[in-house]
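Enquirer: coords please:
(3 chains)
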Amino acid sequence: MFIQNAWYIAAWAHEVKDRPLARTICNAHVVLFRDKATGKVGALEDRCCHRGTPLRFGEVVEEGLQCGYHGMVFDCSGTCVHIPGQASIPPQARVKHYALVEKDEFLWIWMGPAEEADTSKILDYPWHNDYRRWPHKHEVYHVKADYMLMVDNLMDLTHLGYVHKSTIGGNPKVHVDAQMTVTPKPTGLHFIRWMLDSVPPPSYVKAAGFKGRVDRWQEFEYVAPGCIIQWSGALDVGRGAQENREQDGGFQLRLFHGLTPETDNTCHYYWSTANGYRQDDPEATEQLFQEISRAFQEDKGIVEGQAAMLAATGDKRLVDIVSDKARVHMRRTVHRMLVAESTPKAAPEQVAVPAK
Amino acid sequence: MFIQNAWYIAAWAHEVKDRPLARTICNAHVVLFRDKATGKVGALEDRCCHRGTPLRFGEVVEEGLQCGYHGMVFDCSGTCVHIPGQASIPPQARVKHYALVEKDEFLWIWMGPAEEADTSKILDYPWHNDYRRWPHKHEVYHVKADYMLMVDNLMDLTHLGYVHKSTIGGNPKVHVDAQMTVTPKPTGLHFIRWMLDSVPPPSYVKAAGFKGRVDRWQEFEYVAPGCIIQWSGALDVGRGAQENREQDGGFQLRLFHGLTPETDNTCHYYWSTANGYRQDDPEATEQLFQEISRAFQEDKGIVEGQAAMLAATGDKRLVDIVSDKARVHMRRTVHRMLVAESTPKAAPEQVAVPAK
Amino acid sequence: MFIQNAWYIAAWAHEVKDRPLARTICNAHVVLFRDKATGKVGALEDRCCHRGTPLRFGEVVEEGLQCGYHGMVFDCSGTCVHIPGQASIPPQARVKHYALVEKDEFLWIWMGPAEEADTSKILDYPWHNDYRRWPHKHEVYHVKADYMLMVDNLMDLTHLGYVHKSTIGGNPKVHVDAQMTVTPKPTGLHFIRWMLDSVPPPSYVKAAGFKGRVDRWQEFEYVAPGCIIQWSGALDVGRGAQENREQDGGFQLRLFHGLTPETDNTCHYYWSTANGYRQDDPEATEQLFQEISRAFQEDKGIVEGQAAMLAATGDKRLVDIVSDKARVHMRRTVHRMLVAESTPKAAPEQVAVPAK
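Expert: I've put the predicted structure just below:
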């Protein structure tokens, strides 16, 4: 059961050009395409209403998306606008459509009723539009795990010292002992972790040339159901990092994590890395991307193993520990949203009016 | 649920030589073999009655088919005729057998009770025995779809302009606008489509050297449950194609399509192509076969996609259109046969006799 | 349903060195590891009690096995002895453990309650400790079949002439006509087959240089639930093989077969071959191992085929034959053990005391 009335990332915008792209999202079979005339993107159920053929086999024509089997054409609203050899189009000849919005290099899809989609609720990620200050690269991974397990992963950073010990992790103790401040937010939660006066990990030294100890931070904002905005970095001790992190001469990066459910047991992991320390060096942007790729493959590996084990054994007998704080808060947020969504809203006429 | 009391193609005759061949047909596990002495073919359940071992692991011996595990031998009727080291054979030592007939290069199997198999009901395909007039080649594809979806495909030829646009299709409008005459038959249906005074597709021109417009036909006979006999061709406009298609100097081919259910969601597609235009040129026969192979792979691809989508979403909310006419008739024929088969026949003694 | 209160082979001892090894045994997910300090082996459920992550992703540390996700450490008894960043360890922080014993190059696991494991019940296989008299090699195969079907295979040797006709089988009639003596034992059964005054198979001649006919034997001891100890060989006719098989100058080998259930439909097949005829020739040990490998791959192939067919069709309508004698006895032994295990033991206070 997934939250339906929410924006999920359906694809990277550049993935949808002149050919339809099929993607399963929250167990729904969706096909994305880009209108030939306007360049606007549309999302339909990937299933022609004639014989159930996936529309992904079709092609984009002037009027919309044409089924590749017998040629019916559908516009962005799912309305059939052409049946070959047939003048009249029956009203039931239509496929389901979804609200789809292109923004900040993403295609955002609303899985609930399209008419209830509120574009003001789409998360902002302005750094994707600033290639000068935040040169970046992106990727999408297919992960064989419930998307919640991937969000879990990002809510408990003590895993860095174990899962990523050979890549970005460094000393486990540094992560375990980090000062952690969790702040609930209407749309999810925020946390920041400070590793003050600590030894920078080798990758930080390599990137920014630190000579001594640093004040290091990891700032995360979780926006339900599936997005995490991360800003990590370090400045030399004494430069007042806690007061002002927007200084030159240190190390910093931004990571975007977008988890979109595919099925109950699989998800899409959209992520980008932005280089905030050597912006004029494309090699630095590429190296950062490669290093994060290796680390995220490690996350994918262990979470897929976890998912398979939970599927085989059920999720009984699990024991929360201290480092689960943000993770547990995140889970409660999602649970609340699911409950709210499944609770029928009281209609005005159902409100009891006290007798005078 | 499949029609049981019917002849299906079990294999191409040449596929069964000196070794047993296993094939699943209508969810039944069948092994085919050829008797060493007589050359007659037999079909048994592919499961030894001793320990359930597939008989396909065995070998053909003088007395019949010998299990490859502990050596029991079964004849074409499924009777065990030898148990190593054991003089007496218990009567329950037998496996199910099926009626199997070799005819016109096919092995035809009757999936109902063998004693009810009526060989006079086997379809005739004499062109397979005439290599001089109709040189031909054949193939069998494994298709991940209910066999009905493959029959559907052949009942609505408007798909040619979309599915086969890069191979045999040509202009969609030609197929959509063809004159179509559907005629019910006791065993299925017949239809013929005329594209009079039309531009021949490139492959026709290449094959037969047409200089101008042609009268082109596609004639199909569907014989339930799974066979379709196709005769297609074209003659120059003015040669009276509608009165007499058996003329030299044009283009014509015969295609045989035999769909045999494997499981509820998979089938075997037996097909042959016969060259009726340049019979003395083996290269023409081969080219025709290659071109049709490419087209049938396209059919297989889109129908497998359709089958997967229907399996994932159910077959609700489908909308019939005008081009479905022959397809709907075919479906009704099969439905009637299934209903008839599942309706118990009234036994004479059960007929109520009115009281005098 | 598997016998739980029994010793199964979990692994070859050498498979577990400094890294954890995961193996599914009787549907349970087990991870094996070797304590860093003592070299003792331990077996835990392969599922961290924190987030369900497989412990196989972790590593062996001083205190025990450390989860590779967030660093919890468990000792051989399944007790959590360390939670990073957390001083107190809740008592429910533990994972299931199994009794595990290293003996005769095997790791033996008791799948029932660890406190009921009786190490005196572990089978002895002293020949694994005698490399001078019985040089040997071993292997483990993964087999897609219920382990019972593999035990079946070893209880009816008439299969040799059919399954192994191109390897170790020889003439089917020799195997079918062998004198067979079956003796029930408290832990299973014993049988010996004599092929007196018979032509030795080519592999025997090659190995031992026989010039004429031999007295050949196959001795099997089945120890429930999954072990079979085999001693096979031959001596020249007239040397009194039936009185004394421990003579030089003939051919003999020992095979160990250990079948351990993985799931209901898969198993692990641990086996070793010991060369008892040319002990000083490593080439002979290797050749024997290679020849037996080929034969056991043949068993694996046909039994996997049998398992797939039984899974597809159920095991109804099977017919026992004369050669099934030892097999049927073995099946009854296992059935009795399963029944005994599922029958609750009468507790003393439940015994009715007759009124005085």
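
Enquirer: from here on, contacts and neighbour counts on C-alpha atoms
Expert: Will do.

Enquirer: confidence score at the residue lying closest to A:Cys76 once chain neighbours are set aside?
Expert: Nearest-residue entry for A:Cys76: A:Gly42, 5.0 Å, with adjacent residues in sequence omitted and distances by C-alpha to C-alpha, 6 or more residues apart in numbering or on different chains. The confidence metric pLDDT takes the value 97 at A:Gly42.

Enquirer: quick one: A:Gly42 and chain C, what's the gap?
Expert: Taking C-alpha to the nearest C-alpha, to the nearest Å as the measure, A:Gly42 and chain C are separated by 39 Å.

Enquirer: Residue numbers of the stretch 51-200 of chain A in contact with chain C?
Expert: Remark: the part of the stretch 51-200 of chain A in contact with chain C comprises A:Thr158, A:His159, A:Gly161, A:Tyr162, A:Val163, A:Lys173, A:Val176, A:Asp177, using C-alpha under 8 Å from any C-alpha of the partner chain.

Enquirer: Return the residues in contact with the last one.
Expert: Translated: A:Asp177. A:Asp177 is in contact with A:Met195, C:Gly85, counting by C-alpha atoms under 8 Å, 6 or more residues apart in numbering or on different chains.

Enquirer: coming back round to it: wait, what's in contact with the residue nearest to A:Cys76?
Expert: If you count contacts by C-alpha under 8 Å, 6+ apart, A:Gly42 has them with A:Leu32, A:Phe33, A:Arg34, A:Asp35, A:Cys76, A:Ser77, A:His97, A:Tyr98, A:Ala99, A:Leu100.

Enquirer: try it again with 6 Å
Expert: A:Leu32, A:Phe33, A:Cys76, A:Leu100 (C-alpha atoms under 6 Å, 6 or more residues apart in numbering or on different chains).

Enquirer: Now do the buried residues in stretch A:134-151.
Expert: Using 16 or more other C-alpha atoms under 10 Å in any protein chain shown as the burial criterion, the residues of stretch A:134-151 that qualify are A:134-138, A:143-151.

Enquirer: dump the residue contacts of A:Arg336.
Expert: Contacts were defined as C-alpha under 6 Å, 6+ apart; by that measure A:Arg336 touches no other residue.

Enquirer: Need the per-residue pLDDT for it.
Expert: According to the per-residue confidence, A:Arg336 scores 95 in pLDDT.

Enquirer: how about the CA coordinates for the helix or strand hosting it, as PDB?
Expert: Secondary structure here is read from DSSP states H and E; on that basis A:Arg336 sits in helix A:325-342. This file holds the C-alpha atoms of helix A:325-342, laid out as PDB (Å, rounded to 0.1, in the frame of the first residue of the first chain):
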ATOM      1  CA  LYS A 325      15.700   7.800  16.000                       C
ATOM      2  CA  ALA A 326      15.200   9.600  12.700                       C
ATOM      3  CA  ARG A 327      14.300   6.400  10.900                       C
ATOM      4  CA  VAL A 328      11.500   5.700  13.400                       C
ATOM      5  CA  HIS A 329      10.200   9.300  13.000                       C
ATOM      6  CA  MET A 330      10.200   8.900   9.300                       C
ATOM      7  CA  ARG A 331       8.200   5.700   9.500                       C
ATOM      8  CA  ARG A 332       5.700   7.300  11.700                       C
ATOM      9  CA  THR A 333       5.300  10.200   9.300                       C
ATOM     10  CA  VAL A 334       4.600   7.800   6.400                       C
ATOM     11  CA  HIS A 335       2.200   5.700   8.500                       C
ATOM     12  CA  ARG A 336       0.200   8.900   9.500                       C
ATOM     13  CA  MET A 337      -0.100   9.800   5.800                       C
ATOM     14  CA  LEU A 338      -1.300   6.400   4.900                       C
ATOM     15  CA  VAL A 339      -3.900   6.400   7.600                       C
ATOM     16  CA  ALA A 340      -5.000   9.900   6.700                       C
ATOM     17  CA  GLU A 341      -5.400   8.900   3.100                       C
ATOM     18  CA  SER A 342      -7.500   5.800   3.900                       C
END
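
Enquirer: Tell me how far A:Gly152 lies from chain B.
Expert: No, residue A:152 isn't Gly; it's Asp. According to C-alpha to the nearest C-alpha, A:Asp152 stands 29 Å off from chain B.

Enquirer: Give me the three-state assignment for A:Val205.
Expert: Applying DSSP: H, G, I helix; E, B strand; the rest coil to A:Val205 yields a three-state assignment of helix.

Enquirer: Any idea how many residues pack against it?
Expert: Other residues near A:Val205 number 15, with proximity taken as other C-alpha atoms under 10 Å in any protein chain shown.

Enquirer: Please report the distance of it from chain C.
Expert: According to C-alpha to the nearest C-alpha, A:Val205 stands 25 Å off from chain C.

Enquirer: Spatially nearest residue to that residue, not counting backbone neighbours?
Expert: In space, not counting the residues next to it along the chain, A:Val205 is nearest to A:Lys211; the distance is 7.7 Å by C-alpha to C-alpha, 6+ apart.

Enquirer: burial count for the one you found?
Expert: Look at A:Lys211: counted by other C-alpha under 10 Å, it has 10 neighbours.

Enquirer: where in the stretch 201-350 of chain A is pLDDT low?
Expert: The stretch 201-350 of chain A contains residues with pLDDT under 70 at A:315, A:346-350.

Enquirer: Looking at it, what residue ends up closest to chain B?
Expert: Scanning the stretch 201-350 of chain A for the residue nearest chain B gives A:Thr263, at 11.8 Å (criterion: C-alpha to the nearest C-alpha).

Enquirer: Report the beta-bridge partner residues of that residue.
Expert: Partner residues in beta bridges with A:Thr263: A:Thr266, with DSSP bridges as the criterion.

Enquirer: correct me, but it touches A:His29?
Expert: No. Between A:Thr263 and A:His29 there is no contact under C-alpha atoms under 6 Å: 10.0 Å.

Enquirer: hmm, back to that, bridging residues for the residue nearest to A:Cys76?
Expert: A:Phe33.

Enquirer: Within the helices and strands, which one has the residue in the stretch 251-356 of chain A positioned nearest to chain C?
Expert: When scored by C-alpha to the nearest C-alpha, the stretch 251-356 of chain A has A:Gln306 as its residue closest to chain C, at 4.2 Å. With the criterion set as DSSP H and E, the secondary-structure element containing A:Gln306 is helix A:282-313.

Enquirer: tell me which residues in that helix are buried?
Expert: Of the residues in helix A:282-313, those buried under the neighbour-count criterion (16+ other C-alpha under 10 Å) are A:284-286, A:288-289, A:292-293, A:295-296, A:298-310.

Enquirer: How far away from the center of its chain is it?
Expert: In terms of C-alpha atoms, centre = their mean, to the nearest Å, the centre of helix A:282-313 is found 15 Å from the chain centre.

Enquirer: got it, and stretch A:66-76?
Expert: Computed by C-alpha atoms, centre = their mean, the chain-centroid distance of stretch A:66-76 equals 30 Å.

Enquirer: Quick check: end-to-end length of that stretch?
Expert: Distances were taken as C-alpha to C-alpha, to the nearest Å; on that basis the terminal residues of stretch A:66-76 are 11 Å apart.

Enquirer: repeat for stretch A:152-164
Expert: Counting by C-alpha to C-alpha, you get 16 Å between the two ends of stretch A:152-164.

Enquirer: again with stretch A:236-245
Expert: Looking at stretch A:236-245, the gap from its leading to its trailing residue is 11 Å under the measure C-alpha to C-alpha.

Enquirer: so what's the one residue in the stretch 101-250 of chain A that gets nearest to chain B up against?
Expert: For the stretch 101-250 of chain A, the residue positioned closest to chain B under C-alpha to the nearest C-alpha is A:Met111, at a distance of 16.7 Å. For A:Met111, the residues meeting the contact criterion (C-alpha under 6 Å, 6+ apart) are A:Gln4.
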